[in-house]
Structures are given as C-alpha cells and as structure tokens.
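1. need the 3D shape of this:
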Amino acid sequence: MRKKIHIMRHAHSSHLVSGFKGIMNVRDYFIRQNSWQYAEFTEKGKRQMDEVVKKVKINFNTVFSSPVKRCIETAKYFKEESEIIIDKRLIEVQADQMTAPGFFKMSPRAWIIYFSFVTLFRKRVIDILRETKEMMFQLAGCNGPVLAVSHEFRMIIFYLIAKIHPRWKVIKKDFSTTGFLILEYKNK
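-> I've put the predicted structure just below:
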C-alpha cells in the first residue's frame, strides 16, 4: 500500500513583513517576533490561497493544522474550521531569548535559522524528531487524501525524516509560503 500525504506551509502573513528588514540585535528580533503566533494573512496571502485552491484539485478527507492562526486560516480553504484537527506537533520550532548571543547583529532570516538550529540541536532534538515522526505515521494512517498545514522549519524536519526513513519517499518539496511537501509512505 502506498499513501501520499501533503504538508503545506501557511500563506503569506503579517509576521513575514512587519518590521523585519535590515540588521538587528536579538532584543529587537524578539520584540518583532513575539507577534508571530497572532499574525494574520496579508492581501498577498489571500491571493496565494486563491491560486492554490485553483491548482490543487484534491478533496482532502482529513485536514490537520498547527494551532497558529495563519495555519488555521490556510486550512480553512480546504475544510470547514469545525472539521480541522488542530495538532501542537505541527507548530513551528521556536527557541527562547536566553540562547541568543546578545552582541550579534544579523538579518531576521539569519536569526530564524540560528534559533531553529539552536532549538533543534541543543534543547529538544529527540523530542522534536519523535513527535514529527509520530505525526507522519498518524497522517499516513488516515483514510483518503490528507493535508497538514504547518510552518517552514517543521516542514524541513518532515523532509529530513522522509529522506532517511526507508518507508518514506519525497515526491515534491517546496518550502516557500503556500508550498507543498508531498511524501509517500510505503507499507511494506
């Protein structure tokens, strides 16, 4: 039996544009990043989703979403909100301010990468990998087409597990906003 699962990155939202320009220190980064959980779609995000819905001709039986607002908004393009399964294992990998070298100044993208890797390799690597792998197998066990709406770095973890696990195959990878990671599970 082969089963495809679709993992989608949320549409463009306000946290991607509000004040995230130039070089900043860690304090400024955290002040701006603090609102990431509440970020809403931008007009660009709404246009992106209108285009995605036209292209994706799949009627997903099951839709999972990160509990973050922009992911739920994305998922609502495929299922009614009451039918969306909210799962904390799909939330973005985040770090805390205490892990940051306060004297560095970097671009916002560099801070995101730095904190993602610090979190992944210093704090909870085993837990993050375990919960992501569990989520993959749960998605593979769903009936019919399945979609999970998540975040960029969490999608990368799904991708890395699929690359090393013998029962998973990567069909498509696109980590951009509204991009899809399509994985195939081979059950023996």
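
2. switch to C-alpha atoms for all contacts and neighbour counts from now on
-> Will do.

3. for the host helix or strand of Met155, what is the distance to the chain centroid?
-> Taking DSSP states H and E as the definition, Met155 sits inside helix 152-164. Centroid separation for helix 152-164 versus its chain: 10 Å, with C-alpha atoms, centre = their mean, to the nearest Å.

4. rounded mean pLDDT for it, please.
-> Helix 152-164 shows a mean pLDDT of 90.

5. do the same with stretch 74-93
-> 92.

6. show me what contacts the nearest residue to Met135 once chain neighbours are set aside?
-> Nearest non-adjacent residue to Met135, counting by C-alpha to C-alpha, 6 or more residues apart in numbering: Arg89, 7.0 Å away. By C-alpha atoms under 8 Å, 6 or more residues apart in numbering, Arg89 lies in contact with 66, 131-132, 135.

7. same thing with Ser13?
-> Contacts of Ser13 by C-alpha under 8 Å, 6+ apart are 39-42, 44-45, 70.

8. now rank the residues you listed by neighbours and give me the top one.
-> Arg70 (29 neighbours; other C-alpha atoms under 10 Å).

9. strands of the chain, start to end?
-> Taking DSSP state E, the strands of the chain run over residues 2-9, 24-25, 62-65, 85-86, 105-106, 146-150, 168-173, 180-186.

10. CA atoms of the helix holding Met155 as PDB?
-> Output of helix 152-164 as PDB, limited to C-alpha atoms (Å, rounded to 0.1, in the frame of the first residue of the first chain):
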ATOM      1  CA  GLU A 152       8.800  26.200   7.200                       C
ATOM      2  CA  PHE A 153      11.200  24.700   9.700                       C
ATOM      3  CA  ARG A 154       8.700  22.000  10.800                       C
ATOM      4  CA  MET A 155       8.300  21.000   7.100                       C
ATOM      5  CA  ILE A 156      12.100  20.700   6.800                       C
ATOM      6  CA  ILE A 157      12.100  18.200   9.700                       C
ATOM      7  CA  PHE A 158       9.300  16.200   8.000                       C
ATOM      8  CA  TYR A 159      11.500  16.200   4.900                       C
ATOM      9  CA  LEU A 160      14.700  15.100   6.700                       C
ATOM     10  CA  ILE A 161      12.900  12.200   8.400                       C
ATOM     11  CA  ALA A 162      11.400  11.100   5.000                       C
ATOM     12  CA  LYS A 163      14.900  11.200   3.400                       C
ATOM     13  CA  ILE A 164      16.400   8.800   5.900                       C
END
